[in-house]
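Q: the sequence and its predicted three-dimensional model are supplied below.
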Amino acid sequence: MAMKVETIKALEPAKKPYKKHDGKGLYLVVYPSGTKVFRLKYFYLLKENTITLGKWGKITLKEAREKAEEFRLSLRQKQEQINSLKDESTKDSSTGHSTDFTFGEISVLWLSEKFKRRTIEYRLDTQGILERHILPTLRERFLSTIRVKELYDLLSSIQDKGLLETGIRVYSIIDRIYRFAAAQGYEGKYPCPLLKGQLDYPKVCAMPAATDEFELTSILQRLDEGNRSTNVVMLAIRCSFHWFCRPIELRTLQWNAVNFNLGRLELVAAKSGRPHLIPLTVQTRELLEQLKTLAGDSPYIFQSPTLPDQPISENTCNKALRLLGIKHDEMVMHGVRATAMTLLRERFKIDEEVIRLQLAHTIKDKTGKAYNRSRLLSERIVMMKDWSQFLVDLAAGKVDLTNLIGDI
C-alpha cells in the first residue's frame, strides 16, 4: 500500500530499524534515532541492490517518488544499451567481420549473459573483483589493444600485495571474458595463454578446525560461556555448527528458504548453483524461533545490525570467535565443515557419500547420475538429528570422553 505524508509523520522509532513500503521497490527506513530515510530496491544485471534517495525532511514523499522513477528510467536506458551491444555483435559476426569491444562493454554483457544460473552471491563476488581490480585499468580499453605485458603488470601488482589467490581469479575472469568476446564475434588478439605459468599459486592449507571431541567441546563451551543472549551473530555461529553449510550460504540465508512444514531448509548451493536441502532438528528449530523474534522486516535470517535489508558481513562471525578467545589457528567458520566431516566419519561411522551429499559436494552416484537434492535424504535426516544432539551433549559435558584419552 502506498504511503501518505500523514502516515510518515506518525511513524515512531522502535528499538530496531524497520521499513514502511510505498511500492515499486521504494520504502522508508525508520531508525531508532528517529531518522527516516527513503531507499529504493532495484535489480540490475541479475542482482538485487538498494540506493539511498534522501532523508525525510530534506526531501518530500513526492520528490522521493520522482527520484525513484528517474533512477528506474536510467536503468532501463542502460539495459537498452546492453541489448543494443548484443544485437550489434551478433550482426557483425554474421557478416564475417571482426568485432572489437571495450573491456567495460564486454564485461557487462558477459555478466548479464553467463551468470543467469549462478547464485546472486557468486555474481556479486565476481563483479566485486571486476570493479576493484580490473575495470579501473581496462574499462575503456579495446580488447585488441591490450598487451600481454600490461596484463602481466596488472596481475603482478595484485600478487605483490600478497593477494595470490585474487591474482589467480583476476586472470581467470579476464581469460573467460576474452573467450566470451570470441563467441560474440571478436577475432583479435588473445593474450591470456601467454601468461600461463607466470603467476604464483598459494600453498593449499587446510582451514583451522576442531577435529576431535576435546577441541570441539572446548569451543562449544566457550560459546556458551561467552554469550548466552539471543544475539544474531552468536545464533549464526550456533546454526553453523549444526548445519555445516558454507559461510556464504549461512549468512545469506533468507526466511523464504525455511520450510517448517517439511522440516528443512531449501537453498541453493553456492559452489554448484544446485538446489540443496538441510534437514531441521529440534535444536535448530529452537534456534530459528529465537531468530524470528529478532528478524523484524528483514528477508535475511542473519540480518546486519546496522542495515536491516542486508545480511551480516563476511567476517562478522570470525570476529565474534576471536572476541570469545577462540584463536584463528583453533577455528574459522569454514572449518566447521571439516569438523563435521571428520567426527561424523570417525565417531558416528557415517558413510562418506551421505556426509558429502549433506556438505553439498558435487558428486555422482554409482550410475553416474548428477547430484539429486533428495538423494539419501532419510539417512541425512537421521544423521543431522544425531549430530545436533551430540553438539548439545558435548557443550553440556554429557559425552563420556574418557575412552578417548589413550588416543591423544
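A: Looks like it arrived, so ask away. Everything numeric in this text was worked out from a predicted model, so none of it was measured.

Q: which regions of the chain sit below the pLDDT cut-off?
A: Applying pLDDT under 70 to the predicted model, the residue ranges of the chain that meet it are 1, 44-48, 79-99, 117-121, 203-207, 226-230, 308, 363-374, 403-408.

Q: what sits against Leu28?
A: Shown in contact with Leu28 (Cβ atoms under 8 Å, 6 or more residues apart in numbering): Met3, Ile8, Leu11, Lys19, Lys20, Asp22, Lys36, Val37, Phe38, Arg39, Trp56. (Glycine included, C-beta is placed from N, CA and C.)

Q: could you do Phe348 as well?
A: By Cβ under 8 Å, 6+ apart, the contact list for Phe348 reads Met383, Asp386, Trp387, Phe390.

Q: roughly how far apart are the second one and Val258?
A: Right, Asp386. For Asp386, the distance to Val258 equals 22 Å [Cβ to Cβ, to the nearest Å].

Q: okay, and which of the contacts of Leu28 map to strands?
A: When these are checked against strands (DSSP state E), the matches are Lys19, Lys20, Asp22, Lys36, Val37, Phe38, Arg39.

Q: buried residues in stretch 184-193?
A: By neighbour count, and taking 16 or more other Cβ atoms under 10 Å as the criterion, the buried residues in stretch 184-193 are Gln184, Gly185, Tyr186, Gly188, Tyr190, Pro191, Cys192.

Q: so between Asp386 and Val258, which is more surrounded?
A: More neighbours sit around Val258 than around the other of Asp386 and Val258, counting by other Cβ atoms under 10 Å; the figures are 22 against 15.

Q: what's the most distant pair in the contacts of Leu28?
A: Of all pairs drawn from those, the widest gap by Cβ to Cβ lies between Leu11 and Arg39 and measures 14.5 Å.

Q: the two: which is more packed in?
A: Neighbour comparison, Leu11 and Arg39: the larger count goes to Arg39, with 19 against 15 (by other Cβ under 10 Å).

Q: return the residues in contact with the more buried one.
A: Leu26, Tyr27, Leu28, Val29, Thr50, Ile51, Thr52, Leu53, Asp309.

Q: and the fourth one, how far from Val354?
A: To tie it back to what came earlier, the one meant is Val29. Counting by Cβ to Cβ, the gap from Val29 to Val354 is 44 Å.

Q: over to the second one?
A: As judged by Cβ to Cβ, Tyr27 and Val354 stand 44 Å apart.

Q: identify each buried residue in stretch 245-265, please.
A: Of the residues in stretch 245-265, 245-253, 257-258, 263-265 count as buried by neighbour count, 16+ other Cβ under 10 Å.

Q: domains in the protein, by residue range?
A: Per the record, the chain has its domains at 5-71, 98-195, 213-407, by automatic domain parsing.

Q: please save the CA atoms from stretch 314-332 in CSV.
A: Output of stretch 314-332 as CSV, limited to C-alpha atoms (Å, rounded to 0.1, in the frame of the first residue of the first chain):
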residue,chain,number,x,y,z
GLU,A,314,31.6,-11.9,5.6
ASN,A,315,33.9,-11.7,8.6
THR,A,316,31.4,-10.9,11.3
CYS,A,317,31.3,-14.5,12.7
ASN,A,318,35.1,-14.9,12.6
LYS,A,319,35.5,-11.7,14.5
ALA,A,320,33.0,-12.9,17.1
LEU,A,321,35.0,-16.1,17.6
ARG,A,322,38.2,-14.0,18.2
LEU,A,323,36.3,-11.9,20.8
LEU,A,324,35.4,-15.1,22.6
GLY,A,325,39.1,-16.1,22.8
ILE,A,326,38.9,-18.7,20.1
LYS,A,327,42.1,-18.1,18.1
HIS,A,328,42.4,-18.2,14.4
ASP,A,329,44.6,-21.3,14.5
GLU,A,330,41.8,-23.1,16.5
MET,A,331,38.8,-22.5,14.4
VAL,A,332,37.4,-20.4,11.5
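
Q: chain center to that stretch: distance?
A: Taking Cα atoms, centre = their mean, to the nearest Å, the mean C-alpha location of stretch 314-332 is offset from the chain mean by 19 Å.

Q: so which residues make contact with that stretch?
A: For stretch 314-332, the surrounding residues in contact (Cβ under 8 Å, 6+ apart) are 207-210, 215, 219, 222-223, 226-227, 233-234, 236-237, 240, 247-248, 250-251, 333, 339.
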